[in-house]
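Asker: Give me coordinates for this.
(one chain, ligands or ions: 1)
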Amino acid sequence: MVDRVTADVGIIGSGVVGASTALALARAGRRVVVLDKAAGPGYGSTSASSAIIRFNYSTWEGVAASWESRFRWDAWADVLGGVDPDGMATFARCGMVFLDVPLAPWERSAALFDRAGIPWERWEPDELASRMPWLDTGAYYPPRPVESEEFAADATGSLGAIWTPDAGYVDDPRLAAANLAWAARQAGAEFRYREKVTGISRAGERWVVRTGEHTAYELDVLINAAGPWSSAVNELCGAATDFTIGTRPLRQEVHHLPGPAGVERGTLPIISDMDLGTYVRPEPTGAILIGGTEPECDPLEWVDDPDAANPGVTLERYEAQATRVARRLPTLTVPNRPSGIAGIYDAADDWTPIYDRTALPGYYVAMGTSGNQFKNAPLVGDLMSTIIAGVESGHDHDADPLTYTCPHTGHVLDLGAFSRRRQPNPDTSGTVMG
Ligand SMILES: Cc1cc2nc3c(=O)[nH]c(=O)nc-3n(C[C@H](O)[C@H](O)[C@H](O)COP(=O)(O)OP(=O)(O)OC[C@H]3O[C@@H](n4cnc5c(N)ncnc54)[C@H](O)[C@@H]3O)c2cc1C
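Answerer: Residues are numbered from 1 along each chain as shown. Now for the predicted structure:
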């Protein structure tokens, strides 16, 4: 006996992206069911996110989307249409200092910031040093293995930076996904947990999604928002045959350390340090969280199956990241034992997400989020809703890409920038920075 459930739209994944998409489509009047193999919303890569909200991207669409999204994080209850009784994620504005690096020239960021209307300042090396006296402003590029002699070499110059005062972070990324799921439920969406999608097939005009032997979901539209598992989900129905952009799960570690001595609590900004290959994010407690920016000298940990990846932090990764950060923040004390979490990026070839239709009728993807799309999640639902409404009413989004006008900023996004069939973004930094 098979239990048959019908809905207009099925979404695979209730991370921050799937939940945002559910909210937008439920508000558009669709009957939405979200399926997730985990026990609740945001338990996938969302829960490991550093949740940094920044605006430095290599493309106009990346910059404009992140700037629009920032206003949504700032008015979270308005976005949700109320206050989630189980708690609300909050945005902390702390600013971000983006240290100079040849891979992402500051002049290009500045031009994109001006176009978007994002406040920024240029800090030449002397100004950076006087504003942040606790920071080593030495230029060491390119990053070197921390155990190599070259790593210990003297600086070759001094770094300046670009400062964006409106950057910040969300204090609890899993809760943010739960908030979006709560709002989507208020709008009528249904969320079903511990439902692992194991089969996808076509019956007439509809998709049939199987979660085990006893349940089948019949759907007009199906959306893959399965995060690092998205390629595996595509394989269930052969959806990726015409993609020009590949995606792969990439394991990452984020470590927690006590904050550096001599930096007044609440004054540490986010530091993007591609010169040494790391980033630093303050915690509300005064501690810091550190991650990597894929320095070329360190091996990338590609994984075939995200579920088989080591979920714990390793001494090797910890030492690499903490040693680099300790060079930049010389008053940092590095505990012997690592603490932190491992997470998985759904890394696209050009580090730009794929929000698109596919060659299969009624099958859409919100994937390839490349370690940098938490910040855009409140907007992604609207982007997917725009694409789905257009394509389902007959628009050829491949030949004539749809656009989205951001309500807050008025900026127009060419949604072809997120196409599965795009030419890879030539300006990408080749890292999580996009
Ligand atoms: C360590 C780390 C740090 C990051 N830092 C930042 C940052 O600072 N700023 C930023 O903007 N972004 C950051 N990101 C990226 C950001 O967190 C992700 O882009 C975002 O969370 C992806 O959300 P998602 O909903 O697409 O994926 P997920 O949260 O992974 O959700 C996918 C869901 O799909 C479900 N699923 C998968 N397969 C199936 C199946 N077969 N059946 C049913 N359910 C299934 C999973 O259980 C999961 O809940 C970071 C990511 C990581 C890993």
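
Asker: Using the three-state scheme, assign the spatially closest residue to residue 15 that is not a sequence neighbour.
Answerer: The shortest distance from residue 15 to any residue other than its chain neighbours is 4.2 Å, reached at residue 46 (Cβ to Cβ, 6 or more residues apart in numbering). (Each C-beta comes from the backbone N, C-alpha and C, glycine too.) Per DSSP: H, G, I helix; E, B strand; the rest coil, the secondary structure class of residue 46 is helix.

Asker: my guess is residue 46 contacts residue 175, does it?
Answerer: No: look at residue 46 against residue 175 with Cβ atoms under 8 Å: they stay out of range, at 9.9 Å.

Asker: Tell me which of the two has more neighbours.
Answerer: With other Cβ atoms under 10 Å as the criterion, residue 46 and residue 175 differ in neighbour count, and residue 46 comes out ahead with 29 against 21.

Asker: Quick check: phi and psi on the residue most central in space within the chain?
Answerer: Nearest to the mean C-alpha position of the chain, counting by Cα atoms, centre = their mean, stands residue 373 at 2.4 Å. Main-chain dihedrals, residue 373, degrees, to the nearest 10: phi -120, psi 10.

Asker: Quick check: it vs the ligand, distance?
Answerer: Here residue 373 is placed at a distance of 4 Å from the ligand (Cβ to the nearest ligand atom, to the nearest Å).

Asker: who touches that residue in this structure?
Answerer: With contacts defined as Cβ atoms under 8 Å, 6 or more residues apart in numbering, the neighbours of residue 373 are 17, 353, 380.

Asker: Need the per-residue pLDDT for the residue nearest to residue 15.
Answerer: At residue 46, the model reports a pLDDT of 98.

Asker: just use 19 as the starting number from now, easier for me
Answerer: With 19 as the first residue, the last one maps to residue 64.

Asker: interface residues of the chain facing the ligand?
Answerer: 30-36, 53-56, 61-64, 66-70, 214-215, 243-247, 251, 270, 272, 361-363, 387, 389-393 (Cβ under 6 Å from any ligand atom).

Asker: Give me the buried subset of those.
Answerer: By neighbour count, with 16 or more other Cβ atoms under 10 Å, the residues of the chain next to the ligand hold 30-36, 53-56, 61-64, 66-70, 215, 243-247, 251, 270, 272, 361-363, 387, 389-393 as buried.

Asker: Tell me which of those fall in helices.
Answerer: When helices are assigned by DSSP state H, the members of those inside them are 34, 35, 36, 251.

Asker: Which residues does the helix or strand encompassing residue 198 contact?
Answerer: Secondary-structure assignment from DSSP states H and E places residue 198 in helix 191-204. Outside helix 191-204, the residues within contact range by Cβ under 8 Å, 6+ apart are 32-34, 37-38, 40-41, 44, 50, 52, 58-61, 64-65, 67, 69, 94, 97-100, 102, 104-107, 188, 207, 209, 392, 395-396, 399.

Asker: Outside of stretch 431-445 itself, list whatever touches it.
Answerer: Taking Cβ under 8 Å, 6+ apart as the rule, stretch 431-445 contacts 76-80, 82-83, 126, 258, 260-263, 367-374, 376, 383, 401, 404-405, 415-416, 419-424.

Asker: got the contact list for the closest residue to the ligand within the stretch 119-268 of the chain?
Answerer: The shortest separation between the stretch 119-268 of the chain and the ligand is 2.3 Å, found at residue 245 (distances taken as Cβ to the nearest ligand atom). By Cβ under 8 Å, 6+ apart, the residues touching residue 245 are 31, 33, 35, 62, 63, 64, 362, 364, 385, 387.

Asker: now, among these, which is nearest to residue 295?
Answerer: Distance to residue 295, by Cβ to Cβ, is smallest for residue 362 among the contacts of residue 245, at 19.2 Å.

Asker: quick one: that closest one and residue 265 touch, right?
Answerer: No: applying Cβ under 8 Å as the test, residue 362 and residue 265 come out as separate, 11.4 Å apart.

Asker: and the contacts of residue 391 as a markdown table, adding pLDDT?
Answerer: Compiled in a markdown table, the contacts of residue 391 are given as follows (pLDDT from 0 to 100):
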| residue | pLDDT |
| --- | --- |
| 35 | 98 |
| 371 | 97 |
| 398 | 98 |
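
Asker: Can you show me the helices along this structure?
Answerer: 34-45, 78-92, 94-98, 124-134, 143-149, 191-204, 248-255, 333-346, 395-410.

Asker: I'd like to check what contacts the third one. Which residues are they?
Answerer: Under the contact criterion Cβ under 8 Å, 6+ apart, helix 94-98 has outside partners 90, 101, 106, 107, 108, 109, 197, 198, 200, 201, 396.

Asker: Go ahead and measure how far that helix is from the middle of the chain.
Answerer: Relative to its chain's centre, helix 94-98 lies at 20 Å (Cα atoms, centre = their mean, to the nearest Å).

Asker: Equivalent analysis for the last one, please.
Answerer: Helix 395-410 sits 17 Å away from the centroid of its parent chain (Cα atoms, centre = their mean).

Asker: ditto for stretch 30-38
Answerer: Relative to its parent chain, stretch 30-38 has a centroid offset of 12 Å by Cα atoms, centre = their mean.
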